[in-house]
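Participant: just a sequence and a predicted model for now, questions to come.
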Amino acid sequence: MDKYEVLLEKAMQLHGEFCPGIVIGTKMCMAAMEKLGMNPLEQNENLIVYVEIDRCISDAIIAITGCSLGNRRLKYNDYGKFVVNFTDIKNRKTIRVSTRDDKVSSFTGFWTLLENILTSDKYTDPTTQREELETVAEIISQMSEEELLSLENVHLEIPENDIPGLPDHIAVCSICGEHVMDGKEFVLNGNIICRSCANENVKLVVNRFYGDFSSFDMES
Ligand SMILES: [Zn+2]
Ligand SMILES: [Zn+2]
């Protein structure tokens with residue numbers, strides 16, 4: 001087995017199926033880790049990944065890199081994109097890998113192949129759709145890194161609180177009373193508020209501290 005096959009197998013074991021996302025995630029790890037001077041066959045403690053979707057590719061990223069929520073080296077941005085940022089925390093170098101848009105050329109790439117399946121009446125049956133997705137996975141398996149992926153060197157501002165290690169401080173939310181680690185709280189008018197309280201009821205939070213929803217200002 002070559003390196004790609006070994007890594008793909010690892011990704012499939014965690015994910016449970018052979019599909020386009022697993023192929024893309026595997027190729028993303030190979031391309032980005034090699035650019036960062038890391039060996040994708042070995043886990044690297046200096047690697048942090050920011051995944052931008054909760055779909056198949058993320059399982060390949062987790063299986064291959066060993067980055068997890070538990071070791072704080074997996075970060076999740078809920079953007080709905082087949083994009084992963086790979087950061088070496090030692091030198092803060094970041095490679096952003098996205099799935100190439102083939103619509104700008106005559107080349108039939110991943111997005112066109114996927115759209116064909118999702119929009120075709122032929123594939124309304126889930127079994128047929130799954131078989132078609134496997135066919136797409138086979139096709140993109142054969143594609144080169146250049147045909148499938150776009151790689152960019154980017155500067156990613158990494159909050160110190162994102163770095164693995166023991167928490168600096170623990171805050172207590174003034175609304176729900178729950179403990180918040182890693183600086184994830186907001187301070188509003190001198191009061192500590194957790195993100196769930198802030199997100200779930202903006203009006204309640206603002207009215208409690210300001211009495212007027214139209215004039216609020218987040219300090220951090
Ligand atoms: Zn899948
Ligand atoms: Zn709270």
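Facilitator: Cool, got the structure. Numbering: from 1, shown residues only. Ligands and ions are numbered 1, 2, ... in the order given.

Participant: for the chain, which segments count as helices?
Facilitator: 3-15, 20-35, 56-65, 110-119, 126-141, 145-148, 195-200, 202-210 (DSSP state H).

Participant: other SSEs contacting the shortest one?
Facilitator: Put plainly, it is helix 145-148. helix 20-35 (3 or more C-beta pairs under 8 Å, 6 or more residues apart in numbering; DSSP states H and E). (C-beta placed from N, C-alpha, C; glycine too.)

Participant: sorry, back to before: so which of the helices of the chain is nearest ligand 1?
Facilitator: Checking the helices of the chain against ligand 1 by C-beta to the ion gives helix 56-65 as the closest, at 3.3 Å.

Participant: can you give the distance from the closest one to the centre of its chain?
Facilitator: Helix 56-65 sits 9 Å away from the centroid of its parent chain (C-alpha atoms, centre = their mean, to the nearest Å).

Participant: okay, the angle between it and helix 126-141?
Facilitator: Orientation note: helix 56-65 sits at an angle of 50 degrees relative to helix 126-141 (axes from the mean of the first three to the mean of the last three C-alpha atoms, to 10 degrees).

Participant: interface residues of the chain facing ligand 2?
Facilitator: Within the chain, the positions lying close to ligand 2 (C-beta under 5 Å from the ion) are 173, 175, 176, 194, 197.

Participant: the fourth one reaches residue 182, doesn't it?
Facilitator: No: Residue 194 lies out of contact with residue 182 (C-beta atoms under 8 Å); the separation is 11.8 Å.

Participant: nearest residue to residue 44 other than its sequence neighbours?
Facilitator: residue 38 (4.7 Å; C-beta to C-beta, 6 or more residues apart in numbering).

Participant: for the residue positioned nearest the centre of the chain, what are its contacts?
Facilitator: Central residue of the chain (C-alpha atoms, centre = their mean): residue 51, 1.0 Å from the mean position. Counting by C-beta atoms under 8 Å, 6 or more residues apart in numbering, residue 51 makes contact with 57, 58, 61, 74, 75, 76, 77, 83, 84.

Participant: and which of these is nearest ligand 2?
Facilitator: Once C-beta to the ion is applied, the member of the contacts of residue 51 that ends up nearest ligand 2 is residue 76, at 20.4 Å.

Participant: quickly list what's touching both of residue 194 and residue 182.
Facilitator: With contacts taken as C-beta under 8 Å, 6+ apart, residue 194 and residue 182 have no neighbour in common.

Participant: who are the contact partners of the closest residue in space to residue 57 that isn't next to it in sequence?
Facilitator: Excluding its sequence neighbours, the residue lying closest to residue 57 (C-beta to C-beta, 6+ apart) is residue 25, at 3.7 Å. By C-beta under 8 Å, 6+ apart, the residues touching residue 25 are 11, 56, 57, 58, 59, 60, 61, 64, 84.

Participant: repeat the analysis, applying 6 Å as the threshold.
Facilitator: Residue 25 sits next to 57, 60, 61 when contact means C-beta atoms under 6 Å, 6 or more residues apart in numbering.
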